[in-house]
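Novice: Sharing a model that was predicted from the sequence below.
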Amino acid sequence: MRATMMYGAGDVRVEQVPDSVVKLPTDALVRVTASCVCGSDLWPYSSMKPEDGPARMGHEFIGIVEDTGPEVTTLKRGDLVVAPFAISDNTCQFCREGLHTSCAHPQANFWDGEPDEGGQAEAVRVPLADGTLVKLPVEADSALMPSLLTLSDVFGTGHHAAVAGGVNPRTRVTVIGDGAVGLLAVLSAKRLGAEQIILMGRHQARIDLGREFGATDIVSARGEEGIAQVRELTGGHGTHVVLEAVGTMPAYRQALGVVRPGGVISRVGVPQYEDAPIGMGSLFRPNLRLAGGPAPVRAYIEELMPDILNGSIEPGKVFDATTDLDGVPAGYQDMADRKSLKVLIKP
Ligand SMILES: [Zn+2]
């Protein structure tokens, strides 16, 4: 079968690899029908050293169950399923608390930690299939497919940012970042009823989609000027919640600048730093809280899916390009160049 491999920064190849097969009794083999490139795939694409590769790529996919191990009880051949970006048993104490990204099962993992499997491929061996996969009540050629695919990561991640930040109808929210996660953080904040949603971004097509998703205000300036504009829009105080969907130190500093005293900075942009200000001059004096982490998207699928099925939201609008496997390397480059917002893959 064919799969996407990253050999180092800027070097993505689609290659012939050994066929994925069921190995453990709790595995399922899934034939991938839709997959995509994640904004987080762009971190290694910009920095991966050749000695750390090659790495199998892709952690968001929908597919058809082709085979199951003897202990898989909830799925059968022919089922259409969506896979979250984390493998989990859905039964341990952390999963029961809705924190599937901290699942205690020994086989729990992120797809990026499975060396021989990945979603940007023709097929995937899915460990802990009963816990990990969620059945979709539509056909594989449904027009809802792009939106349903966002349940595997990007929509659940935007939703997690909003939930971890405590967004509700009494909150004003700033979203930092106009990538797919930032835009779906806007949609999620809107869905949770936020009173005001300020999107900090500067790319026209993305800003337009942000407005469609529910942004009430746009601030395109960065740094001190951007901070001043957000404060101007909020009576001088900043917003109760900041959803930080970039992951860099300038984005963190931006968040500190626009959050209201007593507020929350919720991060889902994978932080590319370990050290950040948390003391008297930053978090402590204004009683700020820091929240967020890898989204337990498995916990959110049942809650978010009905709004996609009934057409009330269309998170799949973040996909602005579609390719087959051959076009995946160019898709990475287009996303790195910000020519594409998010690339859908049909293997
Ligand atoms: Zn678990």
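Specialist: Thanks, I have it. From a predicted model like this one, the values you see are computed outputs, not experimental measurements.

Novice: what residues does the stretch 1-150 of the chain put near the ion?
Specialist: With Cβ under 5 Å from the ion as the criterion, the stretch 1-150 of the chain comes near the ion at residues 88-89, 92, 95, 103. From N, CA and C alone the C-beta is placed, and that goes for glycine too.

Novice: quick one: which of the residues you listed has the most company?
Specialist: Among these, residue 88 has the most neighbours (other Cβ atoms under 10 Å), with 27 neighbours.

Novice: can you tell me which residues contact the residue most central in space within the chain?
Specialist: The centroid of the chain falls nearest to residue 154 when counting by Cα atoms, centre = their mean (2.7 Å). Contacts for residue 154 were tallied using Cβ atoms under 8 Å, 6 or more residues apart in numbering; they are 38-39, 60, 180-181, 184, 315, 318, 342.

Novice: Dump those to CSV, plus secondary structure, pLDDT and neighbour count.
Specialist: Formatted as CSV, these follow (DSSP: H, G, I helix; E, B strand; the rest coil; pLDDT from 0 to 100; neighbours: other Cβ atoms under 10 Å):
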residue, secondary structure, pLDDT, neighbour count
38, coil, 95, 27
39, helix, 91, 23
60, coil, 97, 28
180, helix, 97, 29
181, helix, 97, 34
184, helix, 98, 33
315, helix, 98, 27
318, helix, 98, 28
342, coil, 97, 26
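
Novice: hang on, the earlier thing: can you flag which of the residues of the stretch 1-150 of the chain next to the ion belong to helices?
Specialist: Here DSSP state H is the test, and those give residue 95 as lying in helices.

Novice: check which helix or strand covers residue 263.
Specialist: Element membership of residue 263 [criterion: DSSP states H and E] is strand 259-267.

Novice: right, I mislabeled it, should have said residue 228
Specialist: Counting by DSSP H and E, the element that carries residue 228 is helix 223-233.

Novice: which other residues reach that helix?
Specialist: The contact list for helix 223-233 (Cβ under 8 Å, 6+ apart) reads 174, 196, 198, 200, 217, 219-221, 237-239, 250, 254, 257-258.

Novice: change it to 7 Å
Specialist: The contact list for helix 223-233, computed with Cβ atoms under 7 Å, 6 or more residues apart in numbering, reads 174, 198, 200, 217, 219, 221, 237-238, 254, 257-258.

Novice: Measure how that helix sits relative to strand 259-267, angle-wise.
Specialist: Angle of helix 223-233 versus strand 259-267, following axes from the mean of the first three to the mean of the last three Cα atoms, to 10 degrees, is 120 degrees.

Novice: Buried ones only from the contacts of helix 223-233, please, as a PyMOL command.
Specialist: A single PyMOL command selects the buried members of those (16 or more other Cβ atoms under 10 Å):
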select buried, resi 174+198+200+217+219+238+254+257+258
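
Novice: In the contacts of helix 223-233, find the pair that's most separated.
Specialist: Of all pairs drawn from those, the greatest distance, 18.3 Å, lies between 221 and 237 (Cβ to Cβ).

Novice: And the strand holding residue 263, what's buried?
Specialist: Residues of strand 259-267 classed as buried: 259-260, 263-267 (neighbour count, 16+ other Cβ under 10 Å).

Novice: Stretch 59-72 spans what distance, first to last residue?
Specialist: Start-to-end span of stretch 59-72 (Cα to Cα, to the nearest Å) is 21 Å.

Novice: ok, and for it, which residues are buried?
Specialist: Applying 16+ other Cβ under 10 Å to stretch 59-72 flags 59-69, 72 as buried.

Novice: Distance to residue 147 for these - can I get that in JSON lines?
Specialist: Conversion of the buried residues of stretch 59-72 to JSON lines gives the following (distance: Cβ to Cβ, whole Å):
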{"residue": "59", "distance to residue 147": "18"}
{"residue": "60", "distance to residue 147": "13"}
{"residue": "61", "distance to residue 147": "15"}
{"residue": "62", "distance to residue 147": "11"}
{"residue": "63", "distance to residue 147": "16"}
{"residue": "64", "distance to residue 147": "18"}
{"residue": "65", "distance to residue 147": "21"}
{"residue": "66", "distance to residue 147": "24"}
{"residue": "67", "distance to residue 147": "27"}
{"residue": "68", "distance to residue 147": "27"}
{"residue": "69", "distance to residue 147": "30"}
{"residue": "72", "distance to residue 147": "27"}
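
Novice: Let me have those in CSV, adding secondary structure as columns.
Specialist: Below are the buried residues of stretch 59-72 laid out as CSV (DSSP: H, G, I helix; E, B strand; the rest coil):
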residue, secondary structure
59, coil
60, coil
61, strand
62, strand
63, strand
64, strand
65, strand
66, strand
67, strand
68, strand
69, coil
72, coil
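
Novice: among the residues you listed, which two are most distant?
Specialist: Applying Cβ to Cβ across the buried residues of stretch 59-72, the maximum distance is between 60 and 69, 23.1 Å.

Novice: Tell me the strands beside the host helix or strand of residue 218, with direction?
Specialist: According to DSSP H and E, residue 218 maps onto strand 217-219. Using DSSP bridges, the strands paired with strand 217-219 are strand 196-200 (parallel).

Novice: Many thanks, have a good one.
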